[in-house]
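Peer 1: Dropping a prediction and its sequence here:
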Amino acid sequence: MAPQYAPSLRSRVAPLLLLLQTGFIVIYAFYTEIESNIQVDVETFRNLYAEFQDVNVIVILGFGFLCTFLVRYGFSGSGFNLLVVVMATQWAIILNGIESLYNRGKVRLSLRSLVVAEMCAASALVSIGAVLGKTNPVQLVVIALLEVSGFVLNGWVLQTLLKVRSLNSIMMLHIFGALFGLMLTWILFRKESEQQFEKEKFDRKTGLFSMLGTVFLWMFWPSFNSFLVDSHTPGRKLEVVCSTYLALGVSAVTAAAVSVLSSPRGKFNLRCIMWRLCSLVLSKSVVHQPWEAMTIGFTAAVVSTIGIRYLKSHMLLAFQCHDTCAVLSTHGLPGLLGWLAHLLLQIIDCEDHTTTIRFAVFHICVLLITITISLSMGIITGLLLKWNFWKTPQDKKCFDDQAFWEFPHLSVLK
Amino acid sequence: MAPQYAPSLRSRVAPLLLLLQTGFIVIYAFYTEIESNIQVDVETFRNLYAEFQDVNVIVILGFGFLCTFLVRYGFSGSGFNLLVVVMATQWAIILNGIESLYNRGKVRLSLRSLVVAEMCAASALVSIGAVLGKTNPVQLVVIALLEVSGFVLNGWVLQTLLKVRSLNSIMMLHIFGALFGLMLTWILFRKESEQQFEKEKFDRKTGLFSMLGTVFLWMFWPSFNSFLVDSHTPGRKLEVVCSTYLALGVSAVTAAAVSVLSSPRGKFNLRCIMWRLCSLVLSKSVVHQPWEAMTIGFTAAVVSTIGIRYLKSHMLLAFQCHDTCAVLSTHGLPGLLGWLAHLLLQIIDCEDHTTTIRFAVFHICVLLITITISLSMGIITGLLLKWNFWKTPQDKKCFDDQAFWEFPHLSVLK
Amino acid sequence: MAPQYAPSLRSRVAPLLLLLQTGFIVIYAFYTEIESNIQVDVETFRNLYAEFQDVNVIVILGFGFLCTFLVRYGFSGSGFNLLVVVMATQWAIILNGIESLYNRGKVRLSLRSLVVAEMCAASALVSIGAVLGKTNPVQLVVIALLEVSGFVLNGWVLQTLLKVRSLNSIMMLHIFGALFGLMLTWILFRKESEQQFEKEKFDRKTGLFSMLGTVFLWMFWPSFNSFLVDSHTPGRKLEVVCSTYLALGVSAVTAAAVSVLSSPRGKFNLRCIMWRLCSLVLSKSVVHQPWEAMTIGFTAAVVSTIGIRYLKSHMLLAFQCHDTCAVLSTHGLPGLLGWLAHLLLQIIDCEDHTTTIRFAVFHICVLLITITISLSMGIITGLLLKWNFWKTPQDKKCFDDQAFWEFPHLSVLK
């Protein structure tokens, strides 16, 4: 008979986390310094701090509470999210600083480097959405560290081969994260998921918590999108903020409409609306007119709502790929759409044929490289995680807090 | 026998939303531009963006989660709120820009115009509070669009006839919204509400979600109040922020005290405290001393707590007017009180008799015009909504998510 | 037979709150003015307002929702928190202004004074954590007013005797609050708590609400820590923000690891992780290297997680001291650790022996004075609260909203 309890992670979680954390502290002790030695003026600090906070809210609160929708997986959804973010951020700071480590002997910590690191962590969160509930925290940390490494590597390759600006490569986080996650969940496929996991559902209250996370993502998304714009061009920033805001509004309305339209009884679907909201990837530097942004928002909403309705179950049957949070539809497809819109708008803007073709080739290469790296890193990570050493939870313990948390219903406070 | 299921909205929601949304996109394509072509400096952008975010938090999160208190209506409360806000905001941007459309041929989008549009949307949210749970999303969207039109019309009339500054007319949003909502709910009266709707109650958890919304309203209300103050007078802004903060504090304490005093068993009432908190309307430009603000907060709390306790059931019996969120007591009365305080303080400040009388007449005219327009628009909208075409939910399906949402308890995720 | 219902507080709550509130309004009417008469420039206002909002979020939302974890005490946890904060803040503003009252005849209200007052209120919230659920709202208000008085007195004594800058004395809020709370709960000890209160537990949903509060504390803690740094030195502020952020990250990871390590079945403990996160007290002015901050975070996490696991039950058995929110482990010990780290780092930095010894003596004196005042004020307050007049809830009504709130499950909305 199979064991009734989930395997104890005591001998895995504690050593791994303590070891990694001590390692990070040692690395930080020798190789980092805070930027403050250089002159920082009051205003720049305040502006950056505001942006830092907004991104923080998105990554910690928004993504964290978005994952609380599973009826018995709320503690894990929000708790592991926090754990993953702090590990991935520390790791990303080091990786992003390697170049400056060579040149100056030290990684410089600044608010800007913290935000960039959190964005890398966000791409790890996207990947984790695909395997949510089917992995244990040790695996999540491993996934996060490898995903971040892959993402930074991707940025470095793009920068070296194609001279893509480092901030622009961060735009690929949705595509990279989604594909990475898909490969993971494809390799870690469980038979059980074909008959539907018992606990993979949501109820009124967990739905509201998830709605809360969504609303925060919705409200602070303009900050996330506008962060990558040079702060010396407030006019440009304003454009991005207004466009993003309008696009989000349009996509909310469209997602609601399409979700009703595709429902036999004409009802709204919470998942469609929620997940839809958080996935808008605007090709930031080319949208100049509000209606362009709104059209992108409209199309993205249609594509991803239909994706959530039909693609998810299709992926499961056809490719044995069980995608808990439907990251393909919520991050992958809109990301691709943003990439396409960028290409189209640039082609329309451009009058010179040679430049147009050169840009198209360049743009397609960026995508192909990103896809290649994310797919291969996803497969490698997936294979690594199949190893028994990680004590993957049994099928019956999937989507259940009880496997990882001292269970509150039974244990009373002491 | 009456049908067991709520009527399917498929043929109403989807076409309406898609049509409206496409229409908006077309209008935006031809008639709007983003302000960024003009010079924007970094600091102004940052200040406005912070205010924009705060108002966003109030409108989306604060109002949205305030409406989650109904035990079976949480998804609708927060979800429809979002839907209404984004529709109303897009519409209000166009309406507010009509003047600039005549003069310059284009509506200019800026952060300021977005915030003003969101405030118009807030007045629609106030109205919707009165009919919450008794209407379907199609009706809500129609209400929102008509209410916003009425509110902008009101501002335009005040501006044309009485030379009221456009920002000052926004101050009337609470009175306008509350009266509009009252008329709506009076015309849409259902017999059922006399014996109490079965599902119109709250439980521990939905109460907490609602508390969360309240707390956000409470925290960000000073931003909402101070937005309308000219940003070139930070001293004035500081005054408004401090006054609002103190007034909110005093009103929280007073509401708690009055709610205990008016309870037979000496217990607190969550609704009194929650709804009380969010309704403070300070007559912003005349309060110069902290104690004045505190006294207004005190009086407003007494009036509106007593209103919630006694007025609501009285309104139902005497006028057949079932007011779900007690918007009369939480927005209408405090709004009137703010109007009165403004009048009194101005009279005390003024030494010249002629000016005083002229101001009083002017001030009373502003109120009368607002009341007239809001009442008549409310009646028109109400009559329009009685039309069977809208498929109003049956009495049994009121206050129930199940009529509009794919029900999570039964359906498992796929 | 003991009475079945909790005693009605009608004759206590309402008069006390109304009396206090009217008193405050009178005091404010005669003795305060808003600073705006003096010149305030736009940027300073905006910066201070952002900091004010962040501290507001921490105190109202963070602390408030942290206390919602008790399964039947959510309304009280968040509602009473708000009540206590607004009373304590109003009182602290007056107390902090006494000096300026002497010199200029008026207390000047500014955003800065509001924030300082909220920090004093935060120290009261820490104390209240120790008696949460075992006291009624009247007692909580009395505790808050006395605690704030004690805390301001402490600051005044430190300033007079030892010339400690007033902002630095605020750093002691965690130690002061924790010890004050411990004394309170020691004196108010109930036999019942030895066999575990029936309702002192949490469930999935209340745990998530509490997690929400934690996450907000986590995200805005850097603002809280950096507020006390002079705003004219943005470089210094940046240092504090980065250090706090890293320390929080490290402490989250460490708390998770230690909580798994100390659990027999290798599971996470929500309380350990949650409460751990919010308690970091960085000795702000001496940490210059990221690794120093990270090491402090690491140590604090180990100490306080172990404290929550073992110290709490030990305190109960050995000292009859039932500490609901484990404030000793979450605020007291990390506070002491911060104090110690400050001492050690200063000693290492300092090369001159005489200066070192003088600093050590000074630093120890600061601690001793704080401990003395907090312990004695705690004992006095505790004795005062044993008085029957306050109608302490019976043991059976502890941790139960039903004693204080009109109960939602039974009463339907009218």
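Peer 2: Here it is on my side, so go on.

Peer 1: in what helix or strand does residue A:13 lie?
Peer 2: Assigned by DSSP states H and E, residue A:13 belongs to helix A:10-31.

Peer 1: Is that helix in proximity to chain C?
Peer 2: Yes: contact between helix A:10-31 and chain C is present through A:10-11, A:13-14, A:17-18, A:20-22, A:24-26, A:28-29 (criterion: C-beta under 8 Å from any C-beta of the partner chain). Any C-beta I mention is one placed from the backbone N, CA and C, and that applies to glycine too.

Peer 1: Out of those residues, which comes closest to chain B?
Peer 2: Nearest to chain B among the residues of helix A:10-31 next to chain C, counting by C-beta to the nearest C-beta, is residue A:13 at 27.5 Å.

Peer 1: Report the central residue of chain A.
Peer 2: The structure's chain A has its C-alpha centroid closest to residue A:126; by C-alpha atoms, centre = their mean the separation is 2.8 Å.

Peer 1: What is the neighbour count of residue A:19?
Peer 2: 11 (other C-beta atoms under 10 Å in any protein chain shown).

Peer 1: Please report the distance of it from residue B:68.
Peer 2: Distance check for residue A:19 against residue B:68: by C-beta to C-beta, to the nearest Å, it reads 43 Å.

Peer 1: So residue A:128 versus chain C, what's the distance?
Peer 2: Note on residue A:128: its distance to chain C, by C-beta to the nearest C-beta, to the nearest Å, is 16 Å.

Peer 1: pretty sure that residue contacts residue A:141?
Peer 2: No: in this structure residue A:128 lies outside contact range of residue A:141 using C-beta atoms under 8 Å: 10.1 Å.

Peer 1: Now for these two: what residues contact both?
Peer 2: Common neighbours of residue A:128 and residue A:141 are listed as residue A:84 (criterion: C-beta atoms under 8 Å, 6 or more residues apart in numbering or on different chains).

Peer 1: Settle it for me: which of these two has more neighbours?
Peer 2: residue A:128 (28 against 23).

Peer 1: Tell me which residue in the stretch 151-300 of chain A sits closest to chain B.
Peer 2: residue A:266 (2.8 Å).

Peer 1: residues contacting that residue?
Peer 2: By C-beta under 8 Å, 6+ apart, residue A:266 lies in contact with A:260, B:8, B:9, B:10, B:11, B:13, B:14.

Peer 1: rerun at 10 Å
Peer 2: A:259-260, B:6-14, B:391, B:404 (C-beta atoms under 10 Å, 6 or more residues apart in numbering or on different chains).

Peer 1: and the gap between it and residue A:257?
Peer 2: 11 Å.

Peer 1: What of residue A:343?
Peer 2: Following C-beta to C-beta, the distance that separates residue A:343 from residue A:257 is 27 Å.

Peer 1: neighbour-wise, which of these two wins?
Peer 2: More crowded of residue A:343 and residue A:257, by other C-beta under 10 Å: residue A:257, with 25 against 19.

Peer 1: Once you drop chain neighbours, what's closest to the more buried one?
Peer 2: residue B:17 (3.8 Å; C-beta to C-beta, 6 or more residues apart in numbering or on different chains).

Peer 1: For chain C, give me its nearest residue in chain A.
Peer 2: residue A:10 (2.8 Å).

Peer 1: Is it correct that that residue is in contact with residue A:404?
Peer 2: No: look at residue A:10 against residue A:404 with C-beta atoms under 10 Å: they stay out of range, at 11.3 Å.

Peer 1: joint contacts of those two?
Peer 2: C:260, C:266, C:267.

Peer 1: Could you find the closest non-adjacent residue to the last one?
Peer 2: When you say that, I think you mean residue C:267. Nearest in space to residue C:267, with sequence neighbours left out and distances taken as C-beta to C-beta, 6+ apart, is residue A:406 at 4.9 Å.
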